[in-house]
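Engineer: Predicted model and sequence follow; I will ask about them next.
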Amino acid sequence: METLERIVLAHRFFAGFEAELGALVAGCARNLRFTPGQYLFHADEDVNQIYLIRHGVVALEIAPPGRAPVMFATEGEGDILGTSWLVPPYRWRFDARAVGLVRAIGLDAQCLRAKCEADHHLGYEMMKRFLPELSARLDQTRLQMLDVYGTAKP
């Protein structure tokens, strides 16, 4: 039987992570399962967990006032949800819904923030992993804007 520490360290996000730091992170971890259509979280809720997706697909949605939710992205196996755990006021900015069965590791955000504050080496290693995620998402947003707005016609 695999331990949570091994599962966490096997996730692509933690590739090359030091074993001692992996043990600290795994102390904040638990297995989660979401059924099709179940929401992982909603916009404006506190970010209580970071999700390491192990299986399945999660639809990221925004709900314009008075209209049906709009899916703007999907995340799947090997992806991570929860970059908002780093930025006060630690609130979700969108909804996340399981498209099918989703299995994930949930990392308690408050636990992880406390451990990063107590161990700055852990905090630095986490920041080195989350900043590229944030940058990649900004790039994705730019590309989506180009697709939505197209190029101007002369």
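Structural biologist: Right, received. Where do you want to start?

Engineer: Tell me how far the longest helix along the chain lies from the chain's centre.
Structural biologist: Using DSSP state H, we find that the single longest helix of the chain is helix 120-149. In terms of CA atoms, centre = their mean, to the nearest Å, the centre of helix 120-149 is set 11 Å apart from its chain centre.

Engineer: Summarise which helices and strands that helix is packed against.
Structural biologist: Here helix 120-149 touches helix 19-26, helix 109-118, going by 3 or more CB pairs under 8 Å, 6 or more residues apart in numbering; DSSP states H and E. Placement of C-beta: from N, CA and C, glycine included.

Engineer: can I get these in TSV with mean neighbour count and mean pLDDT?
Structural biologist: As requested, the helices and strands packed on helix 120-149 are exported to TSV (neighbours: other CB atoms under 10 Å; pLDDT from 0 to 100):
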stretch	mean neighbour count	mean pLDDT
helix 19-26	17	93
helix 109-118	16	96
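
Engineer: what's the closest of these to Leu40?
Structural biologist: Nearest of the helices and strands packed on helix 120-149 to Leu40, taken as CB to CB: helix 109-118 at 13.0 Å.

Engineer: returning to that earlier point: rebuild the helices and strands packed on helix 120-149 as TSV, extending it with distance to Ala68.
Structural biologist: Formatted as TSV, the helices and strands packed on helix 120-149 follow (distance: least, CB to CB, whole Å):
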stretch	distance to Ala68
helix 19-26	37
helix 109-118	29
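
Engineer: Neighbours of Phe130, how many?
Structural biologist: 17 (other CB atoms under 10 Å).

Engineer: burial measure for the nearest residue to Gln110 once chain neighbours are set aside, as a count.
Structural biologist: What sits nearest to Gln110 in space, not counting adjacent residues and going by CB to CB, 6 or more residues apart in numbering, is Asn48, at 7.2 Å. The local packing of Asn48 (other CB under 10 Å) involves 16 other residues.

Engineer: Report the inter-axis angle for the longest helix of the chain versus helix 109-118.
Structural biologist: Relative orientation of helix 120-149 versus helix 109-118 (axes from the mean of the first three to the mean of the last three CA atoms, to 10 degrees): 130 degrees.
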